[in-house]
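Participant: 3D model of this:
(2 chains)
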2 protein chains.
Amino acid sequence: MDEFHTRMKFCSHCGAPVELGIPPGDNLPRHICTHCATVHYQNPRMVVGCIPEWEGRILLCRRAIEPRHGLWTLPAGFMENGETVADAAARETREEACAEVEIGQLFALVNVPHIHQVHLFYTARLRDGRFGAGSESLESRLFAEDEIPWPEMAFRSVRFALSAWLDDRRQGSFGLHTADLSPLD
Amino acid sequence: MDEFHTRMKFCSHCGAPVELGIPPGDNLPRHICTHCATVHYQNPRMVVGCIPEWEGRILLCRRAIEPRHGLWTLPAGFMENGETVADAAARETREEACAEVEIGQLFALVNVPHIHQVHLFYTARLRDGRFGAGSESLESRLFAEDEIPWPEMAFRSVRFALSAWLDDRRQGSFGLHTADLSPLD
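Facilitator: From the prediction side, this is the model:
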């Protein structure tokens, strides 16, 4: 299987085997059903999260799941059908950090094309300062800038977003920051 | 089938029937294989395009395909695995309008949760003023502001992005604009 696709062996519509081929009028290989001819497209997924601030400190979660078990992250996860990106950022924060947030502006867009993902991070503010550990977190905690555990950060996109946020706060104005990540740095 | 899911009847991994159920530790119904227990997640897709400008005019394409055959749109389409959002915007413009663009800033993010889509539009500039009609377009054409065929515009998200772009141009500064679309307006 090439890197472009995740594994698909059978048609989800009729159950017959699929094979890779380029449909008429298309220019990329797709999984095509050998029986009903359904073309199965695969598209990138959005991982959406936020940078929750409270009295100048940032809320991070320590992961209770793989990948990167035990490392720190911003609350973020796969966007679900039926929600907006801001809904997704608030829901992930509720699930992972038991915290209610007011979502602000889109702050970082990180392309991770080799794993077919786009990561979006919003600015956010805790509504009442309360937080906890959801089932995917070992703990969550507010960090002042000089307490942030950089070497124990779980993901490059989180490091990028958090570091750009701290830079922007120093300069007094929040922009939109973009990065493209390649397989190894 | 509920509105949350697109139709899936068989497991794409082993070919056995799937049924809807809530996996342990989850809180939403998913398609779960009755044989190999694989959980099949479904996530929103990104539609990415741009607002290609040339000497003050905007390039629009008239659709040669359904939905909205014969109506006008900005170049845009489903993001593919393995590319960045800016790659996707440039590729769609190449495919639909035979035009090379320099992609600028993210200009509009439109949530369309009822069809599980997020639409992203970038500012863009034609590289050399050349354009044409790709296989999904009947024609493409540059429009001055007072020539834009508003009643024949194919999609609400395109109308939103184009109208915000014209407003911002009048004010001399381009921001990031967000909208949430509901099923009927």
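Participant: show me what the lengthiest strand in chain A is packed up against.
Facilitator: If you go by DSSP state E, chain A has its longest strand at strand A:101-112. When contacts are defined as 3 or more C-beta pairs under 8 Å, 6 or more residues apart in numbering or on different chains; DSSP states H and E, strand A:101-112 sits against strand A:45-54, helix A:85-97, strand A:117-126, helix A:156-171, strand A:177-180, helix B:85-97, strand B:101-112. For glycine as for every other residue, the C-beta is placed from the backbone atoms N, C-alpha and C.
Participant: got any ranges where chain A has weak pLDDT?
Facilitator: For chain A, residues meeting the criterion pLDDT under 70 lie at A:1-5, A:185.
Participant: burial measure for A:L74, as a count.
Facilitator: Using other C-beta atoms under 10 Å in any protein chain shown, A:L74 has 30 neighbouring residues.
Participant: ugh, wrong one, I meant A:M46
Facilitator: Close neighbours of A:M46, defined as other C-beta under 10 Å, add up to 22.
Participant: contacting residues for the residue nearest to it when sequence neighbours are not counted?
Facilitator: Spatial nearest neighbour of A:M46, chain neighbours left out: A:M79 (4.3 Å); criterion: C-beta to C-beta, 6 or more residues apart in numbering or on different chains. Residues in contact with A:M79 (C-beta atoms under 8 Å, 6 or more residues apart in numbering or on different chains) are A:R45, A:M46, A:V47, A:V48, A:V85, A:A88, B:N43, B:P44, B:V118.
Participant: would you write a PyMOL line that selects the buried entries of the residues you listed?
Facilitator: With 16 or more other C-beta atoms under 10 Å in any protein chain shown as the criterion, this PyMOL line picks the buried residues out of the contacts of A:M79:
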select buried, (chain A and resi 45+46+47+48+85+88) or (chain B and resi 43+44+118)
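Participant: A:M46 pairs with what?
Facilitator: Legend: beta-bridge partners of A:M46 under DSSP bridges are A:V118.
Participant: check contacts around it.
Facilitator: Contact analysis of A:M46 by C-beta under 8 Å, 6+ apart lists A:F78, A:M79, A:V85, A:A88, A:Q117, A:V118, A:H119, A:L120, B:N43, B:P44, B:M46, B:V118.
Participant: could I get the residues you listed as CSV with distance to B:R30?
Facilitator: Listed next are these as CSV, based on distance: C-beta to C-beta, whole Å:
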residue, distance to B:R30
A:F78, 12
A:M79, 15
A:V85, 21
A:A88, 17
A:Q117, 19
A:V118, 22
A:H119, 22
A:L120, 23
B:N43, 11
B:P44, 15
B:M46, 21
B:V118, 21
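Participant: out of these, who's nearest A:R159?
Facilitator: A:H119 (11.4 Å; C-beta to C-beta).
Participant: run a quick neighbour tally on that closest one.
Facilitator: Counted with other C-beta under 10 Å, the neighbours of A:H119 add up to 24.
Participant: centroid residue for chain A?
Facilitator: For chain A, the residue nearest the mean C-alpha position is A:V47 (2.4 Å; C-alpha atoms, centre = their mean).
Participant: was I right about it contacting A:P75?
Facilitator: No: using C-beta atoms under 8 Å, A:V47 is not in contact with A:P75, being 11.0 Å away.
Participant: got a list of what the residue nearest to A:V85 when sequence neighbours are not counted touches?
Facilitator: Counting by C-beta to C-beta, 6+ apart, A:V85 lies nearest to A:V48, which is 5.3 Å off, once chain neighbours are set aside. Neighbour list for A:V48: A:A76, A:G77, A:F78, A:M79, A:V85, A:A88, A:A89, A:E92, A:H119, A:L120, A:F121, A:Y122 [criterion: C-beta under 8 Å, 6+ apart].
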